[in-house]
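Q: the sequence and its predicted three-dimensional model are supplied below.
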Amino acid sequence: MKIKHSLIYSALVAAIAMTSPASANEATSAPLKAAPTHPILSLFRVNNHEFQGIIKDADAKAKEEWAYATGIQAFMFAIPMVMMDIQRDIRMNPAVLARIKHTCPCAAPGEWGHYSGLATAKSKMPYTPNPDTVYSGLYANLAQEPYIIKVPDIDDRYFSLQIADAYLVNQHYVGTRATQGKGGYFALIGPDWQGQLPDGVTAMRMPNNSAIVALRIASYSNAEAEVAEVRELQQLFDAMPLSQFGMSKAQRAALPPVALNLAETQMKQGQALAFYRYFSQLLMENPPVGDNRAILNTFNQIGLSDTTPFDPSKLDEATKRGLARAVNASIDIVKWKVKFRGTQSQNKWNVDFVGGDYGTDYLARAEGAIQGLFVHSPEEAVYFHTYSDVNNDLLQGGKHEYRLHFDKGQLPTSFDGGFWSITLYGDDYQLVDNAIDRYAIRKSTEGLQYNDDGSLTLYLQSTPPEGHESNWLPTPQQGIFRLNMRVYLPTDEVRAWDSVEQFLPGVIPTN
């Protein structure tokens, strides 16, 4: 107790000494000093200069930089909607549809468009098409009523029905994994619709009134008989508005097309800050929901809102300059990001475990929209890609030759119905034209030769590797290229950081 009382006494004495007024002598002999400013705080002193013009210039430059930074964020936020709108415009233009019907799984809104075979270099489909599955596509506008999709049971091959919203964020799946290959009737429902669905129809609520659907059905070889089986399956899929449910295809065909009363969404060249006007149109059509609304507080500062049109006349010149600069910078950022999606592995593969489940990662969402349009959720498929060899040098066609060697047990594993595939793309995200029409090597590639020890070596070069043609993946005659490794229905080991490295050997240059 004595010790405790002593401590309290000492503290009181010290406090009294600190609060007692100084003597007159002390006051005159020791002038007061300003407390030192923390180095970080000193960075933010208000601009001060004897010439006010210099202060105003500095403030305007700061405002321009803020608009520039915010404009980049707005660009990344908007790009997925732009990609969706491009796809919708294609489907709403009969002349364009007629011209591209052989190269695109496209049809009028509310109708299935089917591609007739596996993608090739001649297909020129956008967004890194895979040569493993046959594509079908559907766009449905849900503003007036739900759309119902009919899906058959498919139990003898991989398939997935991927349903994304206006921001190309995955919302629902049907398929080998999601419904164990079982089909049925599924209603895509907009956010405002209230009503009763027919018995036996599964509701799938969407956060906005645009639903864009990708159907992939695996074809395990390029043989015509195999692809013909897939084409037969494609014809078993159907789609109709709720008001036409129960009608035959012939009855529906006799009805006038469903009119889409959509506000104009178009980027008009020559308009000041045209991209932001376009973004504003799409933003008002597709208001963000949930956590994605928070960023609107920032966008409001550059004139962007989901309730009122963008009006650049209300912005000062500094803000306009910043926004104009942001567009070009954003394009460069996306060009960089597509090379380095996700996180780089030890052997220079880019590993992405986010896929199409972006959350609020708007840079990843923008990159995914540009590079792949539809990006699978990681439980459906994972993507590993690289532009680099094991030395981190860019992969080059022409005279450059490479090997990709998998030790026994190193090939990526998948659940029942899944498989791995390695595809080669040029710098335009397209499959590379070559003499043997081979664009990928996958688990089911006919004639694939394994080594005596159970390992697998792939040969990446522009000319045939003598004696190893069965394992040859042709590279372009010149320019950089990219490898994509897809694993459909990946096991947990393939989707975990502590085990994925074992499935990602480096690309070895050999000359």
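A: It's in.
Q: helices along this structure, start to end?
A: 2-19, 24-29, 39-42, 52-91, 94-100, 224-234, 249-253, 274-285, 296-299, 317-337, 362-372, 497-500 (DSSP state H).
Q: quick one: low-confidence parts of the stretch 1-150 of the chain?
A: Regions of the stretch 1-150 of the chain meeting the criterion pLDDT under 70 cover residues 1-53, 124-126.
Q: okay, now residue 416: neighbour count?
A: By the criterion of other Cβ atoms under 10 Å, residue 416 has 8 neighbours. Every C-beta, even on glycine, is put in place using the N, C-alpha and C of the backbone.
Q: separation between it and residue 312?
A: According to Cβ to Cβ, to the nearest Å, residue 416 and residue 312 sit 55 Å apart.
Q: how about residue 403?
A: 54 Å.
Q: now swap in residue 393 and tell me
A: Per Cβ to Cβ, residue 393 is found 44 Å from residue 312.
Q: in a markdown table, list the helices of the chain along with distance to residue 427.
A: Converted to a markdown table, the helices of the chain look like this (distance: least, Cβ to Cβ, whole Å):
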| stretch | distance to residue 427 |
| --- | --- |
| helix 2-19 | 71 |
| helix 24-29 | 77 |
| helix 39-42 | 44 |
| helix 52-91 | 19 |
| helix 94-100 | 22 |
| helix 224-234 | 28 |
| helix 249-253 | 43 |
| helix 274-285 | 24 |
| helix 296-299 | 33 |
| helix 317-337 | 10 |
| helix 362-372 | 12 |
| helix 497-500 | 26 |
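Q: out of those, which comes closest to residue 430?
A: Judged by Cβ to Cβ, the one of the helices of the chain that comes nearest to residue 430 is helix 362-372, at 11.9 Å.
Q: which other residues reach that closest one?
A: Here helix 362-372 makes contact (Cβ atoms under 8 Å, 6 or more residues apart in numbering) with 73, 75-77, 79-80, 82-83, 127-128, 167-169, 295, 333-334, 337-338, 341-342, 352, 354-356, 358, 375, 383, 429.
Q: quick one: residues contacting residue 404.
A: Counting by Cβ under 8 Å, 6+ apart, the residues that residue 404 touches are 422, 457-458, 460, 483, 505, 507-508.
Q: out of those residues, which end up buried?
A: Buried members of the contacts of residue 404, counted by 16 or more other Cβ atoms under 10 Å: 422, 458, 460, 483, 505, 507-508.
Q: and the two most separated of those?
A: 422 and 508 (14.5 Å).
Q: separation between the closest residue to residue 116 other than its chain neighbours and residue 160?
A: In this structure, residue 116 finds its nearest non-sequential neighbour in residue 231, 6.3 Å apart by Cβ to Cβ, 6 or more residues apart in numbering. If you measure residue 231 against residue 160 using Cβ to Cβ, the figure is 17 Å.
Q: repeat that for residue 454.
A: Residue 454 is 30 Å from residue 160, by Cβ to Cβ.
Q: repeat for residue 490
A: 13 Å.
Q: same check, this time on residue 342
A: 21 Å.
Q: and these two? which has more neighbours close in?
A: Remark: of residue 342 and residue 160, residue 160 carries more neighbours, 24 against 18, as counted by other Cβ under 10 Å.
Q: these two touch, right, that one and residue 181?
A: No: here residue 160 lies out of contact with residue 181, judged by Cβ atoms under 8 Å, at a distance of 10.5 Å.
Q: deepest in the core, which of the helices of the chain is it.
A: helix 362-372 (a mean of 23; mean count of other Cβ atoms under 10 Å).
Q: got the angle between that helix and helix 52-91?
A: Using axes from the mean of the first three to the mean of the last three Cα atoms, to 10 degrees, the inter-axis angle of helix 362-372 relative to helix 52-91 is 40 degrees.
Q: for helix 362-372, what is the distance to the chain centroid?
A: From the chain centre to the centre of helix 362-372 is a distance of 3 Å (Cα atoms, centre = their mean, to the nearest Å).
Q: and residue 178, what does it touch?
A: 160, 172, 380.
Q: again with residue 382
A: Residue 382 neighbours (Cβ under 8 Å, 6+ apart): 352-353, 355, 376, 486-487, 490, 494-495.
Q: name the nearest of those relative to residue 221.
A: The closest of the contacts of residue 382, once distances to residue 221 are taken by Cβ to Cβ, is residue 486, at 16.9 Å.
Q: if I look at that closest one, how far off is residue 378?
A: Taking Cβ to Cβ, one finds residue 486 at 12 Å from residue 378.
Q: and the two? Which one has more around it.
A: A direct count of neighbours by other Cβ under 10 Å for residue 486 and residue 378 places residue 486 higher, at 24 against 18.
Q: count of neighbours near the closest residue to the more buried one other than its chain neighbours?
A: Excluding the flanking residues, the one nearest residue 486 by Cβ to Cβ, 6+ apart is residue 421, at 4.8 Å. Residue 421 has 23 neighbours, counted by other Cβ under 10 Å.
Q: what sits against residue 421?
A: Contacts of residue 421 by Cβ under 8 Å, 6+ apart are 130-132, 440-443, 485-488.
Q: by neighbour count, which of those wins?
A: residue 488 leads the contacts of residue 421 on contacts (other Cβ under 10 Å) with 27 neighbours.
Q: test for you: state the pLDDT assigned to it.
A: Per-residue pLDDT puts residue 488 at 95.
Q: re the thing from before, what's the pLDDT at the residue nearest to residue 116?
A: pLDDT, read off for residue 231, is 93.
Q: roughly how far does it sit from residue 237?
A: Residue 231 is 11 Å from residue 237, by Cβ to Cβ.
Q: what of residue 193?
A: Note on residue 193: its distance to residue 237, by Cβ to Cβ, is 23 Å.
Q: good, wrapping up.
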